[in-house]
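*Asks:* got a predicted structure plus its sequence, pasted below:
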Amino acid sequence: MIKAYLFDWGDTLMVDFPNATGKMCNWHMVKAVNGAQEALALLAKDTPIYIATGAADSTELEIKLAFERVGLSQYISGYFCQANVGCSKGSSEFLETILSKLKLPAINVVMVGDNYDKDIKPALAVGIKPIWLTLDKAGLNSRVISGDVRVINRLSALL
């Protein structure tokens, strides 16, 4: 049974504009990824949703402010980042610390992210169920995908 969803931030729930600099909460333009509103609204009815981001220069409050700007913060139960976890995303320690803070076993948690190396591999390493959001068909062919990895190409596929 799924008791929590962890979502990556950039290019999973909000568009990470490559030319934008500084903290996302201060960017001139911010945008939710297509389908994010609908997916989070439905998932949040039954299951808490948390952000697990590698953003090293933003605090928990600044991340929340960015989500408020696109109307998604109402679905988020909490935000995990380097500043409040104490280590970098992409390591097993990052996700293990989050599991400890949530007081949940890995088997009851799902990680949704767009970066195979920083989202999917660490989730597999600690026993979290990974869902890889990718539009890169070539990337699928170049990786050995475990049967434990669900692959989607749009957030609406979560519903």
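*Replies:* Perfect, thanks for sending it.

*Asks:* run a quick neighbour tally on the residue lying closest to Ser88 once chain neighbours are set aside.
*Replies:* Distance criterion Cβ to Cβ, 6 or more residues apart in numbering; nearest residue to Ser88, sequence neighbours excluded, is Gln82 at 5.8 Å. C-beta: built from backbone N, CA, C; applies to glycine. Residues near Gln82, counting by other Cβ atoms under 10 Å, number 17.

*Asks:* Gln82 touches Glu93, doesn't it?
*Replies:* No. Counting by Cβ atoms under 8 Å, Gln82 stays clear of Glu93, with 11.3 Å between them.

*Asks:* anything in contact with each of the two?
*Replies:* Here Gln82 and Glu93 share no contacting residue, scored by Cβ atoms under 8 Å, 6 or more residues apart in numbering.

*Asks:* can you give me the helices for the protein?
*Replies:* 36-43, 60-69, 82-85, 92-102, 121-126, 137-141 (DSSP state H).

*Asks:* of these, which is nearest Val110?
*Replies:* helix 121-126 (8.4 Å; Cβ to Cβ).

*Asks:* related to what we said a few turns ago, and the residue nearest to Ser88, what does it touch?
*Replies:* Listed by Cβ under 8 Å, 6+ apart, the contact set of Gln82 reads Gly54, Ala55, Ala56, Ser88, Lys89.

*Asks:* at 10 Å instead, please
*Replies:* For Gln82, the contact set (Cβ atoms under 10 Å, 6 or more residues apart in numbering) comprises Thr53, Gly54, Ala55, Ala56, Asp57, Ser58, Thr59, Ser88, Lys89, Phe94.

*Asks:* then Pro105?
*Replies:* Lys3, Leu99, Gly127, Ile128.

*Asks:* residue ranges for the strands of the chain, please.
*Replies:* 4-7, 49-52, 78-80, 109-113, 129-133, 150-152 (DSSP state E).

*Asks:* which of those strands has the lowest mean pLDDT?
*Replies:* Least confident of those, judged by mean pLDDT, is strand 150-152 with a mean of 91.

*Asks:* counting by contacts, list what it packs against.
*Replies:* When contacts are defined as 3 or more Cβ pairs under 10 Å, 6 or more residues apart in numbering; DSSP states H and E, strand 150-152 sits against strand 109-113, strand 129-133.

*Asks:* from the chain's centre, how far out does that strand sit?
*Replies:* 14 Å (Cα atoms, centre = their mean, to the nearest Å).

*Asks:* mind listing the strands that strand pairs with, and their directions?
*Replies:* Note on strand 150-152: by DSSP bridges, its sheet partners are strand 129-133 (parallel).
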